[in-house]
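Undergrad: The following block contains a protein sequence and its predicted model.
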Amino acid sequence: LLLLVLILLVATAEAGKNKKEKVKKDGSECEDWHWGPCIPNNRDCGPGYREGSCKDESKKLKCKVPCNWKKKFGADCKYKFESWGGCSAQTGVKTRSGVLKKALYNAQCEDIVYVTKPCSSKVKSKSKTKKGKGKD
């Protein structure tokens with residue numbers, strides 16, 4: 001039993017070494033990479049690439065811009081949004097704010113953002129059908 005545990009420990013240590021070696025095979029020892037925005041191949045969303053630079057090195061990475069992203073904030077700025085506020089009678093819009101959750105690839109993001117959307121013109125009705133009428 002002790003021999004089996006020893007063999008497992010050695011195998012795990014060797015696997016860990018191989019993973020570290022694979023990372024170094026990437027070719028770059030530079031640690032201060034600066035990445036640009038994800039640029040879609042076609043139109044304003046979908047698969048594309050982002051360029052990065054570090055000292056004299058440069059790289060291109062594949063990336064994807066979601067088609068439902070908020071262009072105003074950039075695809076690399078992720079926010080946690082609160083619930084929509086009430087409708088303003090003066091402006092006809094409702095507002096909510098978002099707090100920065102994550103900035104991918106060292107993106108320059110605002111800490112807090114505000115978004116608006118038009119108020120719904122539909123009046124929601126609670127009773128969909130009237131029951132109990134018509135059969136007397």
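TA: Looks like it arrived, so ask away.
Undergrad: What residues of stretch 88-98 count as buried?
TA: Within stretch 88-98, the residues that count as buried by 16 or more other C-beta atoms under 10 Å are Lys94, Gly98. Every residue, glycine included, has its C-beta placed from N, CA and C.
Undergrad: quick one: average pLDDT of that stretch?
TA: In this model, stretch 88-98 carries a mean pLDDT of 92.
Undergrad: longest strand in the protein, by residue count?
TA: strand 93-103 (DSSP state E).
Undergrad: can you pull out the strands in this protein?
TA: Under DSSP E, the chain gives strands at 34-35, 39-40, 46-54, 57-65, 77-81, 93-103, 112-118.
Undergrad: Leu3: which of these is closest?
TA: Between Leu3 and the strands of the chain, the shortest gap by C-beta to C-beta is with strand 57-65, which sits at 45.2 Å.
Undergrad: Parallel or antiparallel, list what pairs with that closest one.
TA: Strand 57-65 has its sheet partners listed here by DSSP bridges as strand 46-54 (antiparallel).
Undergrad: Using CSV, please lay out the strands of the chain together with distance to Cys87.
TA: Below are the strands of the chain laid out as CSV (distance: least, C-beta to C-beta, whole Å):
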stretch, distance to Cys87
strand 34-35, 40
strand 39-40, 35
strand 46-54, 34
strand 57-65, 31
strand 77-81, 17
strand 93-103, 5
strand 112-118, 9
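Undergrad: check contacts around Leu104.
TA: Leu104 makes contact with Asp76, Cys77, Lys78 under the criterion C-beta atoms under 8 Å, 6 or more residues apart in numbering.
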